[in-house]
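**Student:** how would this look folded up:
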Amino acid sequence: MPASTGAGQPGVPGDPGNPLFPLILDSINEGVFTVDEVFRITSFNREAERISGVQRENAIGKRCYDVFHSSLCESGCAMMQTLRTGKSLRDVRVDIVNASRRIVPISVSTALLKDELGRMKGGVEILSDISDVESLRHDLSGQHGLADIIGVSPAMREVFQVLPDVAACDASVLVQGESGTGKELVARAVHDLSPRKGGPFVRVNCAALPDTLLESELFGYVKGAFTDARRDKPGRFALADGGTILLDEIGDVSPAFQVKLLRALQEGEVQPLGSTGTLKLNVRVIAATNRDLSAMAQEGTFREDLYYRIQVVPLTLPPLRERRQDIPLLVDHFLKRFAIKTGKHICEVSAPAMRALLAHPFPGNVRELENVIERAFVLCHGPRIELSHVLLEKNGPVRDRQSPEPRLPGAPPPPVEDLPLPVDPAAAKLFHALETHHWRREETAKELRISRNTLWCRMKRHGLLAPETR
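**Tutor:** Numbers count the residues shown, from 1 in each chain. As a prediction, this is how the structure comes out:
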């Protein structure tokens, strides 16, 4: 992109006064807009309208950060850097919040606009919507790692905070949590963030196999070890050499096999069935379970020495019912995933449907929510998932809450379940910040590095104000 344009030279194609200028802008397949020295939008093409969801007539004259709500608007705006330094920027990765309050990943390039005398008159920014690219990359990656661990709740923030430290060490990890909370995702994230990320990640479901098969599956066997052993077969531990092995559902391993497993973990070596020798291996062990191993150890149903061997670093994942402020984020995540998978242009969930999701206890946790959204995609034939598409199991209260009752001035903030939480992550993050500071606006504004007035406007935009203050 050139560092300047011909703006200000009558008759040239780049002159905003030229009648061909809007046609030229609209013929470009990328979003383009220009601003003056104080960031007021002076031109806005059709693709910029599509990306932002804002019509040209509503964008012209407004400051760009009031239209795009970029993730960098307050802490590193690409256009601001270009206007201040005079240097063009290329392919800056940014998230914006469009008019439908959806996060859109874009790639941004910027340059100065100068008149014929070389004086700065503003800037130009080119936007490329990279939603499909990111969704495809995410899909090809196998849906593993941190990208699928979604949450802004305090409990999930604690998990995110310790993950890098857990990954950096080589100690055994015990991931505990109810079924469907994402234990395998966390185990995968620990591996992907660790120095072993270039090695294999091998998962074994210990509950799916009886002891005899589990032993041969984990430790392998040599030819002739039993009737059908016609050749040597390496076990999962050997396959994970140099990497990580996930022993999923380890709480279901029988006491008899626990002895053999403990020996392998203590010695760092395994003995294949039928072999007289052992294999020394370099494997990091991550165990996962939905059982209370501490209680089982006290009861004598799980070996205490094995328990302490695998839980050097414990990680506990909260159930979804204890982090319901994450539900809108997860819904948005699954909407994007299934839109790519099915080709359906479903991009939102109605307010009644969202309230039903927020009310549901989700005993199946995140996995159950994922199934609910996938099932809704089968039933939905429009752009929005309605309450009739949300089929929930009859295992908890499901109701469509009405609007919250008015509160007296000075009363405590409404509980989570009475707030009409929107789907978009920006609103969920704002809600979390308010919750963290007990709805004290001054402290929340300081954390977000915005004024109280800006905070009030954002709360109003996302429906987080008490009814009497709206």
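**Student:** for residue 123, what are phi and psi?
**Tutor:** phi -150, psi 160 (degrees, to the nearest 10).
**Student:** test my guess that it contacts residue 32.
**Tutor:** No. Using CB atoms under 8 Å, residue 123 is not in contact with residue 32, being 11.5 Å away. C-betas here are computed from N, CA, C, even on glycine.
**Student:** which residues does residue 376 contact?
**Tutor:** Contact analysis of residue 376 by CB atoms under 8 Å, 6 or more residues apart in numbering lists 353, 385, 389-391.
**Student:** and residue 319, how many neighbours?
**Tutor:** Residue 319 has 18 neighbouring residues, counting by other CB atoms under 10 Å.
**Student:** meant to ask about residue 162, not that
**Tutor:** 12.
**Student:** more neighbours: residue 123 and residue 32, which one.
**Tutor:** Counted by other CB under 10 Å, residue 123 and residue 32 do not tie: residue 123 has more neighbours, with 26 against 20.
**Student:** how much space between that one and residue 311?
**Tutor:** 55 Å (CB to CB, to the nearest Å).
**Student:** show the pLDDT at the spatially most central residue of the chain.
**Tutor:** The chain has residue 150 as the residue nearest its centroid, 3.9 Å off, counting by CA atoms, centre = their mean. Per-residue pLDDT puts residue 150 at 82.
**Student:** can you give me the strands for the stretch 101-250 of the chain?
**Tutor:** Taking DSSP state E, counting those that start in this stretch as the criterion, the stretch 101-250 of the chain carries its strands at 103-114, 120-129, 173-176, 201-205, 220-221, 233-234, 244-248.
**Student:** what's the closest of the ones you listed to residue 430?
**Tutor:** strand 103-114 (13.2 Å; CB to CB).
**Student:** can you list the strands that the closest one pairs with?
**Tutor:** Using DSSP bridges, the strands paired with strand 103-114 are strand 89-97 (antiparallel), strand 120-129 (antiparallel).
**Student:** mind putting those strands into TSV with mean pLDDT and distance to residue 61?
**Tutor:** Compiled in TSV, the strands paired with strand 103-114 are given as follows (pLDDT from 0 to 100; distance: least, CB to CB, whole Å):
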stretch	mean pLDDT	distance to residue 61
strand 89-97	81	19
strand 120-129	90	13
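**Student:** tell me how many other residues surround residue 276.
**Tutor:** 7.
**Student:** that one and residue 367, how far apart?
**Tutor:** Look at residue 276 and residue 367: by CB to CB, they are 44 Å apart.
**Student:** what is the least confident helix or strand in this protein?
**Tutor:** In the chain, no helix or strand scores lower on mean pLDDT, DSSP states H and E than helix 131-140, which sits at a mean of 56.
**Student:** which element, helix or strand, includes the nearest residue to residue 390 once chain neighbours are set aside?
**Tutor:** Excluding the flanking residues, the one nearest residue 390 by CB to CB, 6 or more residues apart in numbering is residue 353, at 4.8 Å. Per DSSP states H and E: residue 353 is located in helix 351-359.
**Student:** tell me the buried residues in the helix or strand just after that helix?
**Tutor:** Sequence order places helix 365-379 as the next helix or strand after helix 351-359, per DSSP H and E. For helix 365-379, burial by neighbour count (16 or more other CB atoms under 10 Å) applies to 365-366, 368-370, 372-373, 376-377.
**Student:** and for stretch 30-50?
**Tutor:** Here stretch 30-50 shows 31-36, 39, 41-49 as buried, counting by 16+ other CB under 10 Å.
**Student:** I figured residue 327 hits residue 369, correct?
**Tutor:** Yes. If you go by CB under 8 Å, residue 327 and residue 369 touch, sitting 6.9 Å apart.
**Student:** what's the overlap in contacts for these two?
**Tutor:** Common contacts of residue 327 and residue 369, defined by CB under 8 Å, 6+ apart, comprise 320, 357.
**Student:** what domains does the record give for this structure?
**Tutor:** According to automatic domain parsing, the chain comprises the domains 21-129, 146-316, 320-389, 416-469.
**Student:** which ones are touching the residue nearest to residue 127 when sequence neighbours are not counted?
**Tutor:** Distances taken as CB to CB, 6+ apart place residue 31 nearest to residue 127, at 3.4 Å, with adjacent residues excluded. Counting by CB under 8 Å, 6+ apart, residue 31 touches 45, 47-48, 50-52, 106, 126-129.
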